[in-house]
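> Generate coordinates for the sequence data below:
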Amino acid sequence: MAIGYVALVLHAHLPFVRHPESDYVLEEEWLYEAITETYIPLLKVFEGLKRDGIDFKITMSMTPPLVSMLRDPLLQERYDAHLAKLEELIELEVEHNVHNGHIRYLGEHYATEFNEARQIWEQYDGDLVTAFKKFQDTNNLEIITCGATHGYLPLMKMYPQAVWAQIQVACEHYQQTFGQAPRGIWLPECAYYEGVERMLADAGLRYFLTDGHGILYARPRPRFGTYAPIFTETGVAVFGRDHESSQQVWSSEVGYPSAAEYREFYKDLGWEAEYDYIKPYIMPNGQRKNTGIKYHKITGRGLGLSDKALYDPYWAREKAAEHAANFMYNRERQSEHLYGIMQRPPIIVSPYDAELFGHWWYEGPWFIDYLFRKSWYDQKTYAMIHLADYLRSHPVQQVCRPSQSSWGFKGFHEYWLNETNAWIYPHLHKAAERMIEISHLEPEDELQWRGLNQAARELLLAQSSDWAFIMRTGTMVPYAVRRTRSHLMRFNKLYEEVKIGKIDSGWLEKVEVMDNIFPEINYRVYRPL
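The predicted structure is shown next:
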């Protein structure tokens, strides 16, 4: 019998970026890169584990914006063309480096990888959501939801209807996608405020995740810290992030991804190759960009990009196996130690952004593969488990009130409310007030019905926490500002036209095509609770 549990939780999310009005927008490639480097590699891992008889258990959020983009025919078509370009470029690279043995070896490695991505892409007819659902149907994967557009809930709590819309629209979208109600939710940015659990309970959700201090500072103090869930007074369970296992992966100082053998993210062929040679594979306006083809390894701390040595996937894979063994060993010792103190099996919850595995940490999917294989064959101390399965088998837990928290900088709300992005909130609050106001209207015709529903979509899209996050990080800031302003301007135009009963039908049709998320939304979700 295992004396502990380990729950690996991946948060798969990207902001809704879709521009049918333009032939090329760089930010759409966030999705294409994540498909090639994270989602398809994870599916390869799952299929290999299933093929080899390993009954793996992993929990994964798939946010509504990500699901919507993965199922969008336009983006599927554009990803297909993106992958074809990669296949063409790497074939050229293999030929171009016929006399450069190591680069050719790496080129052939990428050629195999892109070919396998193509096979999985075509195997599922470009519908990766169905691919992930297949593993949910076998109870290997527990898919949970998130806020409808990843809105930062504590900063909209003065408008409960806006919070409710983020939760309810997400649950309805999940039901439409997966044919069942979600059991759990990854609160956007793991941001919790007291009272949101009542809405989660009303939406039928069974549990949510928070950062460790959300549980450690709960009232009363939980007896088992983050190593057992707590129940809120509504009956909704809360799982807290384990600091120790998180640090081993996340930390820039001691985390696994910083190993010298691993691939260097910031040295890419798109910036290294001769301009005339790479020009057909960069941006249409001639600006360089990342291609995803990288030939160098991290090598060592303090080295400049020009000093990096060539990457070798063989040794990187060996290091990933070593790190998986180390992670397993540490969870065994941690489980033994905690069991001795608690006199009951602890649950160690290890949540990460899914895109860390493959996109930022190229070897991450190998690490996950080795971790599941080693956990299955090489130890009996802990069992890998879904959060929902844990609750079913452990229905009695301490009742506490969690502490307000997030997993951002300093653990609260500062990252999403500071001098770089505070300007957006008066506009978002005013739009929420206006949406609540017009939610009382009953449409006189189909055009007004469509206008009311599109107004709800525009508000949800403007509320995405990704825009405030980008403004704070200082990368792609003009795009985040433009997206916030454009959704707010569209919302305000719709508000004014709905109020006077004169909607520009041609303009509305164009906006419906551009911002086509949540086709079955009902604006009445904003009516007072």
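> can we go C-alpha only for contacts and neighbour counts from here?
Noted.
> what about the strands in the stretch 201-350 of the chain?
207-210, 230-231, 237-240, 347-353 (DSSP state E, counting those that start in this stretch).
> what's stretch 329-337 in contact with?
Residues external to stretch 329-337 that are found in contact with it (Cα atoms under 8 Å, 6 or more residues apart in numbering): 3, 4, 5, 6, 245, 345, 346, 381, 382.
> Give me the lowest-pLDDT entry from those residues.
In terms of pLDDT, residue 245 ranks lowest among these, with 93.
> Let's test this: name the helix or strand in this protein with the lowest mean pLDDT.
Lowest by mean pLDDT, DSSP states H and E among the helices and strands of the chain is helix 243-250, with a mean of 89.
> Give me the buried positions along that one.
Residues 243, 245, 248, 249, 250 are the ones in helix 243-250 that count as buried (16 or more other Cα atoms under 10 Å).
> about what we covered before: out of the contacts of stretch 329-337, which sit inside helices?
residue 245 (DSSP state H).
> Can you check what angle separates whichever strand or helix holds residue 61 from strand 347-353?
Element membership for residue 61, per DSSP states H and E: strand 58-62. Strand 58-62 runs at 40 degrees relative to strand 347-353, counting by axes from the mean of the first three to the mean of the last three Cα atoms, to 10 degrees.
> distance between the helix or strand following strand 58-62 and the chain's centre?
Later in the chain than strand 58-62, the nearest helix or strand by DSSP H and E is helix 64-70. Counting by Cα atoms, centre = their mean, to the nearest Å, helix 64-70 is centred 10 Å from the centre of its parent chain.
> Once you drop chain neighbours, what's closest to residue 194?
Sequence neighbours aside, residue 404 is the residue nearest to residue 194 in space, at 6.4 Å (criterion: Cα to Cα, 6 or more residues apart in numbering).
> What is the burial count for the one you found?
21 (other Cα atoms under 10 Å).
> Tell me the pLDDT of it.
96.
> The stretch 251-400 of the chain: helices as residue ranges?
Here the stretch 251-400 of the chain has its helices, by DSSP state H, counting those that start in this stretch, at 269-272, 275-278, 313-342, 364-377, 387-393.
> Please identify the deepest-packed of these.
helix 364-377 (a mean of 21; mean count of other Cα atoms under 10 Å).
> and residue 184, what are its phi and psi?
Phi and psi for residue 184, reported as degrees, to the nearest 10, are phi -130, psi 170.
> quick revisit: let me see the contact set for the residue nearest to residue 194.
Contacts of residue 404 by Cα under 8 Å, 6+ apart are 191, 192, 193, 194, 214, 412.
> can you redo those as JSON lines with pLDDT, secondary structure and distance to residue 135?
Shown next, in JSON lines, are those (pLDDT from 0 to 100; DSSP: H, G, I helix; E, B strand; the rest coil; distance: Cα to Cα, whole Å):
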{"residue": "191", "pLDDT": "97", "secondary structure": "coil", "distance to residue 135": "28"}
{"residue": "192", "pLDDT": "98", "secondary structure": "strand", "distance to residue 135": "29"}
{"residue": "193", "pLDDT": "97", "secondary structure": "coil", "distance to residue 135": "33"}
{"residue": "194", "pLDDT": "96", "secondary structure": "coil", "distance to residue 135": "34"}
{"residue": "214", "pLDDT": "97", "secondary structure": "helix", "distance to residue 135": "31"}
{"residue": "412", "pLDDT": "92", "secondary structure": "coil", "distance to residue 135": "34"}
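> And residue 10, which helix or strand is it part of?
Going by DSSP H and E, residue 10 is part of strand 4-12.
> Contacts made by the helix or strand just after that strand with the rest, please.
Toward the C-terminus, strand 4-12 is succeeded by helix 29-34 as the next helix or strand (DSSP H and E). Residues from elsewhere that reach helix 29-34 (Cα under 8 Å, 6+ apart): 14, 69, 79, 82, 292, 355, 359.
> next one: stretch 143-153
15-16, 59-65, 133, 136, 163, 165-171, 174, 182-189, 191-193, 416, 460-461, 463-466.
> cool, and stretch 274-293?
Outside stretch 274-293, the residues touching it (Cα under 8 Å, 6+ apart) are 24, 26, 33, 85, 86, 89, 110, 268, 269, 270, 271.
> ok, which stretches of the stretch 351-500 of the chain are strands?
382-384.
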